[in-house]
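Asks: let me see the structure of the following:
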Amino acid sequence: MKKTQHKIINADASNMDAIPDESVNLIVTSPPYPMIEMWDGVFSEQSERVKTALGNKDAQGMFAGMHAVLDKVWDECDRVLANNGFACINIGDATRTIDGKFQLFSNHSRIINYFASKGYSVLPDIIWRKKSNSPTKFMGSGMLPAGAYVTYEHEYILIFRKGNKRRFSNSERRLRQESAYFWEERNVWFSDLWELIGVAQEIKKKSVRERSAAYPLELAYRLINMYSIKGDMVLDPFLGTGTTTLASIAAERNSIGIELDPSLLEVSRERILKGKDELNNRINKRIDDHLGFIASLSGEKLARCYDANFHSFKVKTRQEKNMIIRSVRDIHRFAKGHYLCEYSDIE
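Replies: Numbering: from 1, shown residues only. The predicted model follows:
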């Protein structure tokens, strides 16, 4: 029976000694966003430089100090990421008025500069558009020029590769074929604009809910399927409520999550143990969407499709023939912070 293992650790991600060098294949994460006011306390607790800059209303000192805190985590990510591995980072820029001056703080470009300085290949990024229809969303002087500001309705998914293209061993080639995605998924996933609905937080405790800032399962699920193969190790150094772990389970990857806040860690534990139905719904939707796509093809196009070797449906390309999609059979905790997931074949 196919199995994966998942570990969540209560720790500061600037020190991930529990993870060996170059043992991670993919990083999928979303850190606290510098210059977003809700995260000021998190950064000040970790940096006197940030605390001083906040007290002095020194905008550039705040920005530099907050990113210096994140740099320590990125240093550790660089250590644990295998050569040829990928780092996918969801980050939003910030707008803020400090000492009477309103301006943009470009978090995404600062992180790009960090990884470029480490020799990573900076790959094309993805815009995650989170549209808001609120009539009060505009900032500034209403209908009068020239004091209004463009409304930000997007975040970035930055993608970096460490080293050169990955070379697969014989056993990895088989897993790579099993991990194939559908032709029609490729066309959506590898576009540069994702319009995904944000997550409605169901956390009961308000103080915890405000700190979670989780991205949707769909975002992590796509990235894990795009940039890793089954059996790979996925890391989230800012685990939050456990979304990356859940997506790793659905995609049949192993995972490690690091989270500093014990209250968020408790939420992630509960979500993992109760996640079976949510994950199987997403897995089933993947197959249902594909069956709908195949059914929409004309007779001529359908005749050019291939029979999948392990499933009773057709696929568009030869590369999809050996893909295997399994459902989640069971998720259970076998030690503190350790979870085992078992899978069932889908007829």
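Asks: name the next helix or strand downstream of the helix or strand bottoming out on mean pLDDT in the chain, please.
Replies: The least trusted helix or strand in the chain, going by mean pLDDT, DSSP states H and E, turns out to be helix 206-212, with a mean of 50. Of the helices and strands lying after helix 206-212 in sequence (DSSP states H and E), the nearest is helix 217-227.
Asks: tell me which residues of that next one come out buried.
Replies: Buried positions in helix 217-227, judged by neighbour count with 16 or more other Cβ atoms under 10 Å: 217, 218, 219, 220, 221, 222, 223, 224, 225, 226, 227. (Each C-beta comes from the backbone N, C-alpha and C, glycine too.)
Asks: and stretch 302-316, by the same measure?
Replies: Of the residues in stretch 302-316, those buried under the neighbour-count criterion (16+ other Cβ under 10 Å) are 305, 308, 311, 314, 315, 316.
Asks: I'd like the average pLDDT over it.
Replies: Across stretch 302-316, pLDDT averages out at 97.
Asks: what's in contact with it?
Replies: Residues lying outside stretch 302-316 but in contact with it, judged by Cβ atoms under 8 Å, 6 or more residues apart in numbering, are 182-184, 287, 290-291, 294, 297, 317-318, 320-325, 345-347.
Asks: what's the angle from the helix or strand hosting residue 88 to helix 217-227?
Replies: Assigned by DSSP H and E, residue 88 belongs to strand 81-91. Note on geometry: by axes from the mean of the first three to the mean of the last three Cα atoms, to 10 degrees, strand 81-91 and helix 217-227 are set 150 degrees apart in direction.
Asks: partner strands of strand 81-91 and their direction?
Replies: strand 24-29 (parallel), strand 154-161 (antiparallel) (DSSP bridges).
Asks: name the next helix or strand following the longest one along the chain.
Replies: Elements were assigned by DSSP H and E; along the chain past strand 154-161, the next helix or strand is helix 170-178.
Asks: give me the mean pLDDT for that following helix.
Replies: Along helix 170-178, the predicted local confidence has a mean pLDDT of 96.
Asks: would you mind writing the CA trace of it as CSV?
Replies: The C-alpha atoms that make up helix 170-178 are tabulated as CSV, following Å, rounded to 0.1, in the frame of the first residue of the first chain:
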residue,chain,number,x,y,z
ASN,A,170,15.4,5.0,-13.2
SER,A,171,13.0,4.7,-10.2
GLU,A,172,12.3,8.4,-10.2
ARG,A,173,11.4,8.2,-13.9
ARG,A,174,8.6,5.8,-13.1
LEU,A,175,7.4,8.1,-10.3
ARG,A,176,7.6,11.1,-12.6
GLN,A,177,5.3,9.3,-15.1
GLU,A,178,2.9,8.4,-12.2
